[in-house]
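**Student:** pasting the sequence and the predicted model now:
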Amino acid sequence: MTLLARQTAAYNKPMSLRKKGFSLPLLGTIVGCLTFSPDVQAEDSKQEIALTSTIDGKVLYETFCAQCHGATGKAESEIESLLIPPPSDLTAAQLKHGSRLGDIYHSIREGIGSTMIRFKERLSDEQIRAIAKYVIKLRSDKGAN
């Protein structure tokens, strides 16, 4: 299966959140985590990690994350007030479950308790890594302003 076919299949998998009788489409949240896989830990220690594929972290973020975290990562979205607990502000100085690339990768891959779905069945490791790198970029862009 080609990378494009895998991405398309992942986009088309249904996800929903049921709260107060509503069925809301849920594209996920990212908040980071304290533990992470060894391969990401090794990459994280290099500080600068080059993405060697054509996967666009921004497009994936907009598809799977922005609905809850907002386009800028500040947790300003149409449904954020319906979520308990509310999504994390990804541009905050410190993320609750860790702010390093490996922490963010792990949170996306494994989810956070019952508040954030896991994406390991929906996205490839490469796609998850691209989103995590984009979150790091959002955080650095905020610091530059």
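**Tutor:** In hand now; what should we look at? Residues are numbered from 1 along each chain as shown.

**Student:** please make it C-alpha for all contacts and neighbour counts, starting now.
**Tutor:** Will do.

**Student:** residues contacting the closest residue to A130 other than its chain neighbours?
**Tutor:** Distances taken as CA to CA, 6 or more residues apart in numbering place G57 nearest to A130, at 4.4 Å, with adjacent residues excluded. By CA atoms under 8 Å, 6 or more residues apart in numbering, the residues touching G57 are Q127, A130, I131, A132, K133, Y134.

**Student:** what does the helix or strand containing the fifth one contact?
**Tutor:** Here K133, judged by DSSP states H and E, is contained in helix 125-144. Outside helix 125-144, the residues that touch it by CA under 8 Å, 6+ apart are 51, 55-58, 60-61, 72-73, 90-92, 100-101, 104-105, 108-109, 119-120.

**Student:** just the buried residues of these.
**Tutor:** Among the contacts of helix 125-144, those classed as buried by 16 or more other CA atoms under 10 Å are 55, 57-58, 60-61, 72-73, 90-91, 100-101, 104-105, 108-109, 119.

**Student:** ok, the residue nearest to A130 to C65 distance?
**Tutor:** 11 Å (CA to CA, to the nearest Å).

**Student:** swap in K74?
**Tutor:** Distance from K74 to C65, by CA to CA: 11 Å.

**Student:** higher neighbour count, the two?
**Tutor:** Comparing K74 with C65 by other CA atoms under 10 Å, the one with more neighbours is C65, at 24 against 19.

**Student:** next one: that one from S77, what distance?
**Tutor:** As judged by CA to CA, C65 and S77 stand 10 Å apart.

**Student:** now swap in K96 and tell me
**Tutor:** In terms of CA to CA, K96 sits 19 Å off from S77.

**Student:** of the two, which one has the most company?
**Tutor:** S77 (17 against 14).

**Student:** let me know whether the more buried one touches Q67 as I believe.
**Tutor:** Yes - with contact defined as CA atoms under 8 Å, S77 counts as touching Q67 (6.1 Å).

**Student:** how many residues are close by the residue lying closest to I79 once chain neighbours are set aside?
**Tutor:** Nearest non-adjacent residue to I79, counting by CA to CA, 6+ apart: C68, 6.3 Å away. Per other CA under 10 Å, the neighbour tally for C68 reads 29.
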